[in-house]
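Engineer: Pasting the sequence and the predicted coordinates here, then a few questions.
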Amino acid sequence: MNDIIIYAVIFLGVVGAASAVILYFIAQKFKVIEDPKIDEVEGALPAANCGGCGFPGCRGFSEALVKSVNEKQSIEGLSCPVGGNDVMAKVAAILGIVAEEKEPQIAVIRCSGSKENAPKKINYDGPATCAFAHNLSSGESGCPYGCLGCGDCVAACKFDAIYMDEVTGLPVVKDNCVACGACVIACPRNIIELRNKGKKDRRIFVSCMNEEKGGIAKKNCSVACIGCSKCFKVCPFEAITMNNNLAYIDYEKCKLCRKCVPECPTNAIHELNFPPRKEKIVEGESNVEPKIEVNKDQSLDTKE
Amino acid sequence: MNLLTLSGSPHVHGDSSTKKIMYGVVIAMIPAMLVSIYFFGLDAIRVTLISVMACLIVEWAIQKYLIKGPVTITDGSAIVTGILLAFNVPSNLPLGIILIGAFVSIGIAKMSFGGLGKNPFNPALVGRVFLLISFPVQMTSWPKPAALFSGIADAVTGPTPLGHLKEAVKAGRTVQDVLENGSSWVMDGVSYSYKIPGYVDQLMGNMGGSLGEVSAIALILGGIYMLYRKIITWHIPTAYIGSVVIFSGILWMINPDIYVNPGFHLVAGGLMLGAIFMATDMVSSPMSWKGQLIFGLGCGVLTVIIRIWGAYPEGVSFAILIMNAFVPLINRGIKPKRFGEVVKNVK
Amino acid sequence: MKTFKIGGVHPPENKLSTDRPIEVLAIPAQVIIPLSQSLGAPSVPVVNKGDAVKVGQLIAKGEAFISSNIHSSVSGKVLKIDEAMDQSGYRRQAIFITVEGDEWMEAIDRSAELKKEITLSKEEIVSKVKELGIVGLGGATFPSHVKLMVPTGKKAEVLVLNGVECEPYLTADHRLMLEKGEELMIGIKILMKGLDVKRAIIGIENNKLDAIGHLKNIAKDFDGIEVEALKVQYPQGGEKQLIDAVLRRQVPSGKLPIEVGAVVHNVGTAFAVYEAVQKNKPLFERVVTVTGKNVKNPGNFMVRVGTSINELIEKAGGLPEDTGKIVSGGPMMGKALNSVDVPVVKGTSGVLLFKEKEARRVDPTNCIRCGKCITVCPMGLEPVLLAQYAELEMWENVEVERALDCIECGSCQYTCPAGRPLLDYIRLGKFRVGQIIRNRSKK
């Protein structure tokens, strides 16, 4: 009995030792020489592996960063949206160069076609994915540019930063959005855009993508942009452009003066996180509703 | 008028459904259930009922409280597993062991993989094998079959034809000797005698064994019903039974003294139950007909190997489970004939 | 009896309107003619707002290689060229015409006389078919002149006519074969001349015995035309399946039927070719079946292109109160419409009204890996795998499993016991894989 145990121990011990030696030599022979800086840079990255930088994972990004420094002595154009300026500063310190400061961004949902504003005219029956619903028809409300409500954006988010509001049927972006861009790609109607977070988290944007003529757009959704150009005319910084019956606010040029918001006859322009304005009832226009704070839509409360 | 519905084509659906398939299998098992009640009495009803209820409750509890998702116990799959588990155990199995079996079948072999359609192994077989290995004594004390209305089945336990034959041949006797003369032995001062039942008896079910495996005729009837309803196709049962017959036939022709003839293999043990109800489980068997033939062949060969050279007298459960493990590989390797692969210029 | 080899299902036939002869629908007050009525690029309008048009006048030209001409189906004035809801579920460019009278172009021969003699040459036939806007009326609306232009290196041996009408409920082709049999035969002869083939086979399913008998009778007077009765099986009308059934040849993956020497045309297209070549009549009207279990007067109607589907439904007894879904085409491959104010186009073969209960899908449950979808797929694919990969967004696997071979017949989803939306996911997979392949070739 003891013999068997001794033989087994010796045999396995020899096999183990031999394997260790063989593996050591193989590891040495096939070793890949890598710049040690890549490991250092990778350590500074957030390890989310989300692809928001445009590279395959954090490892891929570190390799690209080191390559860029070796070739161009700068990391211009490369940035990690998740880590933001802090992480890029750390990376720059490791690589011995100066990092550029980037304006933090956040995903913005440019559609307010909720169940109330854009009521259902037809029932969609089928797999709950926006990609398919988009190919099938213009959607349940009839607006061919509006949100389909199936949640491809929610499924694409790796940071749990977007959720579907049950009441409105629209997606809501939370505070912890890192602007990686996954939801932007997932939306088949390009409704989501990465815009600057803005001073004090304030931003103004046109919450509509509809390029149809005003009358038709309004038939499907009561808060659609009808392309009337009133906002365009009133903007003192030329931040608004009109294209195909749709207004667009350039977030670089917009100085958050809020002049355009009350001009819009359909409430298509949204202002987020501003203090409430004083009520102003214009004489002679009793059919215009006073514009009270508009920041209750798409609030940034971290709801679960 | 309500809103119109918008969906992708096709806009009609055939009348097959998972529920219909599952309940069709239940109906196919009725002949075997009736036979089991005839031979094993009220115990048969007890075991089957407890097994089915336990399976349903385990599935319901897991779906409602653990997964917190939709509860689908009405689709009939838990009932099928419950009945098949009952068919695979002796009728004198204690309550606790049945409950453990149900828990293993549904909870571990089915729900932990994701529920219906996601399990790689046949749940009832996993439960049965688990019980066999954990409770070998209780799982191999076969009650002698008693006639209907005689109350609880005869408390005396006896061997099964397969088990008995294997022991006797190991002890050195020839097959013909055992079949013709039977055997007798003394244990704890009591003398026993046993003769393996004749072929007709084995066919009808008058032999020792698990609840559902005894009557080959009842199972074949169920199989024909399922073929008629198009719930199963002929490929797996034919390949399985055919390969058992051929393989055991070759061995029998080589040495009829130690290898019993193929007919015995067909009626003894759980081959019919395995080939018709267990191996044909859609979830754990290949999807293409070519794959199914290979699956049946493998099951048959393994069954005979285990029966003759393995440690256990019955090889059906293990054979099917082993082949279940090969199913993903078979599905990957065997693709259907694509349209346009062979351009025939006949005309 | 012959049929195709791989797969297939047999849904209930429900040919409710099979005994209704073709009725000409009254001309509406306004027509909306979409500019995209064939596969390929949309046509370019050649008329402007305010122009007067006559029946059969060219109003839009097909400029690209795969495109077709569109002719006015009414006489009147062009109201506007604007976006209108069409069968795709989106608003697309269309020509709106207010109808005034029924004045036809002089070149069109309106007599009922049967013109048997074919005076045009092969090249003239092809250019006539192109000029008069003939497209495939089976539903795919492929421009027919392109099919007549055999690429160099390939040779057409047999012309196959699709009289199968395998979709349940539809009976337009059936009635056409019964009522316009001789015109159909001459149309086939014209196509044979255009393709330079000596042999034509008309495939008809065995549930149309009267049409088979009638055409077999007429075919005696026509050289080279055979009628082949086929076993009823869906999707026998798919051109690859039809060629397999009739000629026992399988078109290789990714290739066209000309690869095996066959060209397939729908019988409706052949009839339109007769009218075009012999009577100078462009394609602006077609037979449409209006049917459904709830419909009061199901029937087959000769409709001018651009007529609103609402008019058709009114003629068939009005929209039933209990309507859950309106489908353009057949129940297996048709497109659900989001309203009745959608115009009839060249590819509309039927309007099908479903009751509310029929309109809703079964709830999907887990896949039980029964393999039925694999058994019925006529292209020998594995729908269960394709749908799963598409759902998990594993597009490379979708491509490797040959999703692009899928003809979207719907047999898989029809059969699935778990009610899974297989075809929906496969369509998504095809779409994405198509995008990936296009991007790949761009690089």
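Structural biologist: Yep, it's here. Numbers count the residues shown, from 1 in each chain, chains lettered A, B, ... in the order given.
Engineer: Show me where the stretch 101-250 of chain A has its strands.
Structural biologist: Under the criterion DSSP state E, counting those that start in this stretch, the stretch 101-250 of chain A contains strands at A:105-109, A:122-124, A:162-164, A:171-173, A:192-196, A:203-206, A:240-243, A:246-249.
Engineer: do you know which of these lies nearest chain C?
Structural biologist: Among the strands of the stretch 101-250 of chain A, the nearest to chain C by C-beta to the nearest C-beta is strand A:122-124 (4.8 Å). Quick note: C-beta positions are derived from backbone N, CA and C, even for glycine.
Engineer: Quick check: mean pLDDT of that closest one?
Structural biologist: Average pLDDT, strand A:122-124: 90.
Engineer: Check stretch A:174-189 too.
Structural biologist: If you average the pLDDT over stretch A:174-189, you get 90.
Engineer: if you look at it, does any of it touch chain B?
Structural biologist: No: interface with chain B: stretch A:174-189 contributes nothing (C-beta under 8 Å from any C-beta of the partner chain), its closest point being 15.3 Å away.
Engineer: How about stretch C:302-318?
Structural biologist: No: in terms of C-beta under 8 Å from any C-beta, no part of stretch C:302-318 sits within range of chain B; the closest distance is 11.9 Å.
Engineer: How far does that stretch sit from its chain's centre?
Structural biologist: Relative to the mean C-alpha coordinate of its chain, stretch C:302-318 is positioned 18 Å out (C-alpha atoms, centre = their mean, to the nearest Å).
Engineer: number of nearby residues for residue 135?
Structural biologist: Reading this off chain A. A:Asn135 sits with 15 neighbouring residues when counted by other C-beta atoms under 10 Å in any protein chain shown.
Engineer: that's the wrong chain, I wanted chain C
Structural biologist: When neighbours are defined as other C-beta under 10 Å, C:Val135 has 30 of them.
Engineer: wouldn't it be in contact with C:Leu283 here?
Structural biologist: Yes: using C-beta atoms under 8 Å, C:Val135 is in contact with C:Leu283, at 6.9 Å.
Engineer: Could you find the closest non-adjacent residue to B:Pro10?
Structural biologist: Using C-beta to C-beta, 6 or more residues apart in numbering or on different chains and skipping the chain neighbours, the partner closest in space to B:Pro10 is C:Gly410 (3.3 Å).
Engineer: between the strands of the stretch 101-250 of chain A, which gets nearest to chain B?
Structural biologist: Nearest of the strands of the stretch 101-250 of chain A to chain B, taken as C-beta to the nearest C-beta: strand A:122-124 at 4.8 Å.
Engineer: got the contact list for the residue nearest the centre of chain B?
Structural biologist: In chain B, the centroid-proximal residue (C-alpha atoms, centre = their mean) is B:Gly274; its distance is 3.3 Å. With contact taken as C-beta atoms under 8 Å, 6 or more residues apart in numbering or on different chains, B:Gly274 is in contact with B:Tyr240, B:Cys299, B:Thr303, B:Val316, B:Ser317, B:Ala319, B:Ile320.
Engineer: Am I right that it is in a helix?
Structural biologist: Yes: assessed with DSSP: H, G, I helix; E, B strand; the rest coil, B:Gly274 lies in a helix.
Engineer: now it: how far from chain C?
Structural biologist: From B:Gly274 over to chain C the distance is 19 Å, taken as C-beta to the nearest C-beta, to the nearest Å.
Engineer: any idea of the pLDDT on that residue?
Structural biologist: For B:Gly274, the pLDDT comes out at 94.
Engineer: same check, this time on C:Phe222
Structural biologist: 91.
Engineer: B:Gly151 now?
Structural biologist: At B:Gly151 the predicted local confidence, pLDDT, stands at 43.
Engineer: try the one 10 residues further on
Structural biologist: Reading off the per-residue confidence, B:Pro161 sits at a pLDDT of 81.
Engineer: contacting residues around it?
Structural biologist: Going by C-beta under 8 Å, 6+ apart, B:Pro161 touches B:Ile196, B:Pro197, B:Gln202, B:Met207, B:Gly208, B:Gly209, B:Phe264, B:Ala268, B:Gly269.
Engineer: Pipe the residues you listed into CSV and attach distance to chain C per row.
Structural biologist: Listed next are the contacts of B:Pro161 as CSV, based on distance: C-beta to the nearest C-beta, whole Å:
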residue, distance to chain C
B:Ile196, 39
B:Pro197, 38
B:Gln202, 33
B:Met207, 34
B:Gly208, 35
B:Gly209, 29
B:Phe264, 34
B:Ala268, 31
B:Gly269, 28
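Engineer: Identify the farthest-apart pair in the residues you listed.
Structural biologist: Greatest spacing in the contacts of B:Pro161, by C-beta to C-beta: B:Gly208 and B:Phe264 (14.7 Å).
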